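K.L.:
My questions concern the predicted model and sequence given below.
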Amino acid sequence: MERTGTGSRLIIVCGLPGSGKTTLAKALESRLRAVRFSPDEWMDALSLNLWNEEMRAKIEALQWKFAQQLLALGLTVIIEWGTWGRTERDTLRLGARALGAAVELHYVSAPADVLFDRIQLRALENPPIERSAVSRWFEIFQAPTPEEMAFYDKPLLAAPPPVEN
């Protein structure tokens, strides 16, 4: 990996399943020559159930450990965990700042019906996600507020327009 020329940088891609996190994270990964961490991909590679929260937590902890090492080397790292809660985003931001890294937050969203349709189209989940689950996710998810966004650095690249179905 080459350095971005701007010092280390953590990019957090935040959003619900089906919102376009992976699409955006992969585009940023390619354009910025960054290292991207996605627990879903690691879990799939290890043949683990995507909904096993204990294993997801262990994988995310391991990914964060590697991410911090890469940030300390001056590289750009993308965290594609969803980060549904502000405290999780704050922990990542403060941890990266302690290493001297810039931190970006990209929030991707879509209406519940669009999320449900995208999830059904990709057909990765077994058992399939029910529409009621998507509605519950909207109730749980803490979308970043303008006040929270003010804590982050300006993105190196403008986010591409949202993907339409």
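P.N.:
Alright, I've got the coordinates. Numbers count the residues shown, from 1 in each chain.

K.L.:
in the worst-scoring helix or strand of the chain on mean pLDDT, what counts as buried?
P.N.:
Every helix and strand in the chain was compared by mean pLDDT, DSSP states H and E; the lowest is helix 112-122, with a mean of 84. Buried residues in helix 112-122, counting neighbours by 16 or more other C-beta atoms under 10 Å, are found at 114-119. The way it works is simple: take the backbone N, C-alpha and C, and place the C-beta from them, glycine included.

K.L.:
ok, which stretches of the chain are strands?
P.N.:
With DSSP state E as the criterion, the chain has strands at 9-14, 35-37, 76-82, 102-107.

K.L.:
can I get those strands in a markdown table with mean pLDDT and mean neighbour count?
P.N.:
As requested, the strands of the chain are exported to a markdown table (pLDDT from 0 to 100; neighbours: other C-beta atoms under 10 Å):
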| stretch | mean pLDDT | mean neighbour count |
| --- | --- | --- |
| strand 9-14 | 98 | 26 |
| strand 35-37 | 98 | 20 |
| strand 76-82 | 95 | 25 |
| strand 102-107 | 97 | 20 |
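
K.L.:
And those: which comes nearest residue 26?
P.N.:
Taking C-beta to C-beta, strand 35-37 is the member of these nearest to residue 26, at 6.9 Å.

K.L.:
Sheet partners, orientation included, of that closest one?
P.N.:
Sheet pairing of strand 35-37 (DSSP bridges) gives strand 76-82 (parallel).

K.L.:
quick one: the strand it pairs with to chain centroid distance?
P.N.:
Distance of strand 76-82 from its chain centroid, counting by C-alpha atoms, centre = their mean, to the nearest Å, is 5 Å.

K.L.:
and that strand with strand 9-14, angle?
P.N.:
20 degrees (axes from the mean of the first three to the mean of the last three C-alpha atoms, to 10 degrees).

K.L.:
Name the surrounding residues that touch strand 76-82.
P.N.:
Contacts to strand 76-82, defined as C-beta atoms under 8 Å, 6 or more residues apart in numbering, come from residues 1, 4, 8-17, 21-22, 25, 28-29, 32-39, 60, 63-64, 67, 70-71, 88, 92.
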